[in-house]
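Asker: Any chance you can model this:
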Amino acid sequence: MTEVSGEGTIGRAAGRGAVLAWGFWDWAGAAFNAVILTFVFSVYLTDKVGEGLPGGISASAWLGWALGAAGLVVAVTAPVAGQWFDASAKRKLSLGMLSTVTVVLMAAMFFVHENYHYLWLGLALLGVASAAFELAQVPYYAMLRQVSTPATVGRVSGFGWSMGYFGGILLLLICYFGFISGKGDMRGLLGVPTDDGLNIRLVAVLAAVWFAGFAVPLFMFVPEVERTADPAVPAGRLRWLRAVGESYRGLWRDIRELWVVDRRTVGFLVASAVFRDGLAGVFTFGAILAVRVYGIADSDVLLFGIAANVVAALGALVGGRFDDRIGPKPVIVAALVAMIVCGLMLLVVSGPLMFWIFGLLLTVFVGPAQASARSFLARVAPPGREGQMFGLYATTGRAVSFLAPTLFGFFVWASGTERAGIVGLLLVLIAGLVLLLPVNGATTHPSRPR
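Answerer: Alright, predicted model coming up:
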């Protein structure tokens, strides 16, 4: 395993091969994000497995609580885990272990049969896999500085996001035409039986194999970092990381230090947490709005999801180029403004055609906002402490992850129509934009308090 110092990776890319290998983990992770969490397995859990569930609580509610519990685990553990990834110089090892856990749990979803007695198994597998996958993104995001330079970090981040979108597109197409399309007891070009949810259970196995296979290049071609010599992360920290209580005392010391040294980063973490929750809400509730408000057929929702991933990927690629030219903050601001305008249009238009037009225009700006948020933090993170910063990135995101779903549900409940839920999503995006505007857009780490 090639070792590269934490200081040495800053400002020196590892080569195009390493960039491509790094991006393939995003491509691999689309198997969990697009297939398991968003469009296929979660729908199977709530629509088929949870059908006939006794009691007054729906399968959808149980799913929300399971994912909420997973988010709580991530919020509590991510920053301390990020510290350990940095101090131990074992980002690849940590990423490999968490990826393996995610893949094994995805494959185990094959045993979730179409019976409500298996709902609890499915929820447990999905919840734990979701926590493992999100924690895996902490060391993965921290590697961004290992495969980019200050001049290319924006386009490399955008490339990674686009790889994730394109991977999701291809895998969703394979799943749809191979296992799901058509009617009757045999589905897809492969003629897979639908009895006992077999076609969906096999899709979960396919997704696990996809994730495992395409994640391999990162571990082969992206160099590991040595333990940093930065005095802010002393080697002795490994000793107190073994004690959980001391770990969290160290965490709060780091947060106070960050507040004194670089309040700009703290402000960005808060702002990005809010607008990223709005971005997640766009995809989470897009399918519901498509069917319930704009009259898109159930069978066409997956096709819209594929198209949305295409335009988001293209947006991420283009946004990455602008990121490197004008900086990440202008890209994020422009993307959020455009999304707010498109959302306002969706409030007044009707019909499938209008949703396809403005829904796709909305999603084209999701990719640039996501990619530039990641590159902003990668640019300003103190040398050798990227894992810690992305741990806080994950934690702050989870701390406000209730905003979009809560406001969406509130406006739907208060108005009696699903269309009003768009107002809740827009409020989250507007709040994130307002919080971002005063954040200093400079992307060099400060040497003195701001």
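Asker: Buried residues, the helix or strand harbouring residue 363. List them.
Answerer: In the assignment (DSSP states H and E), residue 363 maps to helix 352-364. Neighbour-count burial for helix 352-364 flags 355-356, 358-364 (criterion: 16 or more other C-beta atoms under 10 Å). Heads up, the C-betas are built off the backbone N, CA and C, glycines and all.
Asker: Next, report how far it is displaced from the centre of its chain.
Answerer: Here helix 352-364 is found 22 Å from its chain centre; the criterion is C-alpha atoms, centre = their mean, to the nearest Å.
Asker: what packs against it?
Answerer: Judged by 3 or more C-beta pairs under 8 Å, 6 or more residues apart in numbering; DSSP states H and E, helix 352-364 is in contact with helix 263-292, helix 298-326, helix 328-348.
Asker: Of the buried residues of helix 352-364, which is the nearest to residue 316?
Answerer: Residue 316 has its nearest neighbour among those in residue 364, at 9.4 Å by C-beta to C-beta.
Asker: measure that closest one to residue 409 for me?
Answerer: Relative to residue 409, residue 364 is positioned 26 Å away (C-beta to C-beta, to the nearest Å).
Asker: got the residue ranges for the strands in this structure?
Answerer: Ranges of strands within the chain are 3-4, 186-187, 192-193, 224-225, based on DSSP state E.
Asker: Quick check: neighbours of the second one in the sheet, parallel or antiparallel?
Answerer: With DSSP bridges as the test, strand 186-187 is paired with strand 192-193 (antiparallel).
Asker: if you average pLDDT over each of the strands of the chain, which comes out lowest?
Answerer: With a mean of 38, strand 3-4 has the lowest mean pLDDT of those.
Asker: Does residue 19 touch residue 147 like I think?
Answerer: Yes - between residue 19 and residue 147 there is a contact at 4.8 Å, judged by C-beta atoms under 8 Å.
Asker: quick one, which of these two is more surrounded?
Answerer: Between residue 19 and residue 147, counting by other C-beta atoms under 10 Å, residue 147 is the more crowded of the two (28 against 22).
Asker: Quick check, pLDDT for that one.
Answerer: pLDDT for residue 147: 86.
Asker: Give me the residues contacting stretch 192-211.
Answerer: Stretch 192-211 is contacted from outside by 28-29, 31-32, 35-36, 40-41, 44, 48-49, 99, 102-104, 106-107, 109-114, 167, 171, 174-175, 178-180, 184-188, using C-beta atoms under 8 Å, 6 or more residues apart in numbering.
Asker: Please repeat the previous calculation with a cut-off of 7 Å.
Answerer: The contact list for stretch 192-211 (C-beta atoms under 7 Å, 6 or more residues apart in numbering) reads 28-29, 31-32, 35-36, 40-41, 44, 48, 102-103, 106-107, 109-110, 112-114, 171, 175, 179-180, 185-188.
Asker: Out of those residues, list just those in helices.
Answerer: Within the contacts of stretch 192-211, residues falling in helices by DSSP state H are 28-29, 41, 44, 102-103, 106-107, 171, 175.
Asker: Can you tell me which helix or strand of the chain has the lowest average pLDDT?
Answerer: Least confident helix or strand of the chain, by mean pLDDT, DSSP states H and E, is strand 3-4 with a mean of 38.
Asker: roughly how far apart are the closest residue to residue 329 other than its chain neighbours and residue 374?
Answerer: Closest residue to residue 329 apart from its sequence neighbours, by C-beta to C-beta, 6 or more residues apart in numbering: residue 441 at 3.6 Å. The gap separating residue 441 from residue 374 is 16 Å, by C-beta to C-beta.
Asker: what's the answer for residue 200, then?
Answerer: Per C-beta to C-beta, residue 200 is found 32 Å from residue 374.
Asker: Reformat the buried residues of helix 352-364 into JSON lines and put distance to residue 192 and pLDDT next to each item.
Answerer: As requested, the buried residues of helix 352-364 are exported to JSON lines (distance: C-beta to C-beta, whole Å; pLDDT from 0 to 100):
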{"residue": "355", "distance to residue 192": "30", "pLDDT": "89"}
{"residue": "356", "distance to residue 192": "29", "pLDDT": "91"}
{"residue": "358", "distance to residue 192": "35", "pLDDT": "91"}
{"residue": "359", "distance to residue 192": "30", "pLDDT": "89"}
{"residue": "360", "distance to residue 192": "30", "pLDDT": "90"}
{"residue": "361", "distance to residue 192": "35", "pLDDT": "90"}
{"residue": "362", "distance to residue 192": "34", "pLDDT": "90"}
{"residue": "363", "distance to residue 192": "30", "pLDDT": "88"}
{"residue": "364", "distance to residue 192": "33", "pLDDT": "90"}
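Asker: which one of these is nearest residue 267?
Answerer: Using C-beta to C-beta, residue 362 comes nearest to residue 267 of the buried residues of helix 352-364, at 26.0 Å.
Asker: OK, contacts around the closest one?
Answerer: Residues in contact with residue 362, defined by C-beta under 7 Å, 6+ apart, are 282, 339, 342-343.
Asker: In terms of model confidence, name the weakest of the residues you listed.
Answerer: Among these, residue 282 has the lowest pLDDT, at 83.
Asker: Wait, that residue touches residue 425, no?
Answerer: Yes - the pair residue 282 / residue 425 is scored as a contact, 6.4 Å apart, by C-beta atoms under 7 Å.
Asker: Between these two, which has more neighbouring residues?
Answerer: The residue with more neighbours, out of residue 282 and residue 425, is residue 425; 30 against 25, by other C-beta under 10 Å.
Asker: which residues does that one contact?
Answerer: Residue 425 neighbours (C-beta under 7 Å, 6+ apart): 278, 281-282, 285, 343, 404, 408.
Asker: could you redo the last one with a cut-off of 6 Å?
Answerer: With contact set as C-beta atoms under 6 Å, 6 or more residues apart in numbering, residue 425 has these partners: 278, 281, 404.
Asker: Let me see the confidence value for it.
Answerer: At residue 425, the pLDDT value in this model is 88.
Asker: Use 62 as the first number for this chain going forward.
Answerer: That works, and once the first residue is 62, the last one we named lands at residue 486.
Asker: outside of stretch 240-249, which residues touch it?
Answerer: Contact with stretch 240-249 is made by 239, 253, 255, 260, 264, as judged by C-beta under 6 Å, 6+ apart.
Asker: Look up which residues are beta-bridged to the second one.
Answerer: This points to residue 253. Assessed by DSSP bridges, residue 253 has beta-bridge partners residue 248.
Asker: Looks like residue 95 contacts residue 230 (just checking).
Answerer: No - counting by C-beta atoms under 6 Å, residue 95 does not reach residue 230; the two are 8.1 Å apart.
Asker: Which residue of these two possesses the greater neighbour count?
Answerer: Just comparing residue 95 and residue 230: by other C-beta under 10 Å the higher neighbour count belongs to residue 95, 26 against 20.
Asker: how about the more buried one, what does it touch?
Answerer: Neighbouring residues of residue 95 by C-beta under 6 Å, 6+ apart: 229, 233.
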